[in-house]
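Asker: generate coordinates for the sequence data below:
(one chain, ligands or ions: 2)
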Amino acid sequence: MDRDTKLVHCIKVRQPEFEFDFDIPKYWFYNNPVITHNFNGYNLLFPEFERFFIRSVAYFKTQIQDEKLLEQIKAFSGQESLHAQAHESYFKVLEHQGYKINRFLTYYKRYALMIENMATPKLRIALTAAAEHYTATIADIVLTNPALLKNMHPTMKKLIIWHSAEEVEHRTVAFDVMKTIGVNYPTRLLAFFMTSLDMLLWSTLSSLMLLRQDKISLLKSIQYKRQFSKQFASVKKQLRQSLLAYLKRDFHPGKIKHLQLAHEQLKEVGIHD
Ligand SMILES: [Fe+2]
Ligand SMILES: [Fe+2]
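Answerer: Ligands and ions are numbered 1, 2, ... in the order given. Coordinates of the predicted model:
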């Protein structure tokens with residue numbers, strides 16, 4: 001058993017302190033408004049997403065006998081709940097910078113609730129497993145491309161590393177619950193496509209909402225996006241390969257291992273177990 005395989009069984013709920021000072025620069029990602037607002041946009045979506053994940057997984061708790069998986073579910077819920085709180089705390093930085101986000105959040109919450117009410121419990125856990133693959137993929141990209149976070153404001157760096165490390169740590173939980181309760185392959189695929197559309201739609205809308213308030217034109221936005229693609233050419237390929245892997249019938253998120261890397265980077269930003 002390699003070190004990463006041993007580590008996967010230990011999901012730790014950490015409670016790092018975050019000082020969301022108002023000195024965080026407006027464009028904290030390489031002074032690039034488009035990529036900064038992509039992250040900011042996800043930041044607005046995360047709290048609602050993560051609370052949905054917790055509810056979806058908790059629904060099946062009584063049907064699971066495996067003690068190890070039950071322990072992992074508990075830790076998963078603890079981690080996600082703290083992620084949601086931390087990202088929500090960051091909202092006040094955006095508001096201090098002058099962004100109006102409440103209207104967007106109201107529409108988004110209404111939409112998320114509608115989907116949750118319409119989906120069956122099995123579809124909800126499949127949507128959660130798919131979304132967890134997205135978050136783990138983004139986490140893999142962050143952890144394996146240290147240049148992305150170079151020169152970043154320390155609070156933002158700490159937030160992103162902490163969230164990424166824990167996404168990597170609990171990446172198998174929702175998937176294993178989904179497998180245990182017998183969600184079939186077509187439902188898994190349907191959920192992946194629904195999640196992909198959702199991610200694309202809401203991350204685009206949230207970024208555009210913020211960019212519009214900065215009065216940044218579409219043409220200028222495309223230029224900023226190109227600048228990022230040139231700077232981090234390998235990221236797109238990594239993203240595509242990881243997402244497509246989910247479509248394989250024998251896919252399991254435990255096959256991807258960045259745990260050791262995650263724990264090293266947690267220490268680097270001062271988060272210790
Ligand atoms: Fe999370
Ligand atoms: Fe997660």
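
Asker: buried stuff in whichever helix or strand residue 75 is part of?
Answerer: Counting by DSSP states H and E, the element that carries residue 75 is helix 67-96. Neighbour-count burial for helix 67-96, counted by 16 or more other Cβ atoms under 10 Å, picks out 69, 72-73, 75-84, 86-87, 90-91, 93-94. Glycine gets a C-beta too; all of them are placed from N, C-alpha and C.

Asker: helices or strands up against that helix?
Answerer: The contact analysis (3 or more Cβ pairs under 8 Å, 6 or more residues apart in numbering; DSSP states H and E) places helix 67-96 against helix 33-58, helix 154-169, helix 173-180.

Asker: export those to TSV and tack on distance to residue 19 and mean pLDDT?
Answerer: Putting those into TSV (distance: least, Cβ to Cβ, whole Å; pLDDT from 0 to 100) gives the following:
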stretch	distance to residue 19	mean pLDDT
helix 33-58	16	97
helix 154-169	6	96
helix 173-180	30	98
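
Asker: residue contacts, the residue of the stretch 51-200 of the chain found nearest ligand 1?
Answerer: Residue nearest to ligand 1 within the stretch 51-200 of the chain: residue 83 (3.6 Å; Cβ to the ion). Shown in contact with residue 83 (Cβ atoms under 8 Å, 6 or more residues apart in numbering): 46, 50, 163, 166.

Asker: restrict these to contacts with ligand 2.
Answerer: Taking Cβ under 5 Å from the ion as the test, ligand 2 is in contact with none of those.

Asker: so which of those residues is surrounded by the most neighbours?
Answerer: Of all those, the highest neighbour tally under other Cβ atoms under 10 Å goes to residue 166, namely 26 neighbours.

Asker: that residue and residue 81 touch, don't they?
Answerer: No: the criterion here is Cβ atoms under 8 Å, and residue 166 misses it with residue 81 at 11.3 Å.

Asker: so the residue lying closest to residue 205 once chain neighbours are set aside is in which element?
Answerer: Take residue 205 and drop its neighbours on the chain: the residue closest to it by Cβ to Cβ, 6 or more residues apart in numbering is residue 104, 7.4 Å away. Element membership of residue 104 [criterion: DSSP H and E] is helix 102-118.

Asker: so how far is that helix off the chain centroid?
Answerer: Centre-to-centre, helix 102-118 and its host chain are 18 Å apart (Cα atoms, centre = their mean, to the nearest Å).

Asker: how about stretch 234-243?
Answerer: 15 Å.

Asker: tell me which residues of that stretch come out buried.
Answerer: Neighbour counts over stretch 234-243 (16+ other Cβ under 10 Å) mark 235, 242, 243 as buried.

Asker: now swap in stretch 95-107 and tell me
Answerer: Using 16+ other Cβ under 10 Å as the test for burial, stretch 95-107 gives 99, 101, 104.

Asker: contact partners of it?
Answerer: 22, 26, 44, 91, 94, 205, 206, 209, 210, 213.

Asker: end-to-end on that stretch?
Answerer: Its start and end residues considered, stretch 95-107 measures 18 Å (Cα to Cα, to the nearest Å).

Asker: show the average pLDDT along that stretch.
Answerer: Averaged across stretch 95-107, the pLDDT comes to 97.

Asker: which pLDDT does the model give residue 257?
Answerer: If you check residue 257, the pLDDT there is 77.

Asker: what's the neighbour count on it?
Answerer: Residue 257 has 17 neighbours, counted by other Cβ under 10 Å.

Asker: which neighbouring elements make contact with the helix or strand where residue 140 lies?
Answerer: Here residue 140 sits within helix 121-144, counting by DSSP H and E. When contacts are defined as 3+ Cβ pairs under 8 Å, 6+ apart, helix 121-144 packs onto helix 33-58, helix 154-169, helix 173-180, helix 185-213, helix 233-245, helix 259-268.

Asker: among these, which is nearest residue 10?
Answerer: In terms of Cβ to Cβ, the element of the helices and strands packed on helix 121-144 nearest to residue 10 is helix 154-169, at 8.1 Å.

Asker: just the buried positions in that closest one, please.
Answerer: The neighbour-count check on helix 154-169 (16+ other Cβ under 10 Å) flags 155-169 as buried.

Asker: out of those residues, who's nearest ligand 2?
Answerer: Distances from ligand 2 to those, taken by Cβ to the ion, are shortest for residue 167, at 4.8 Å.
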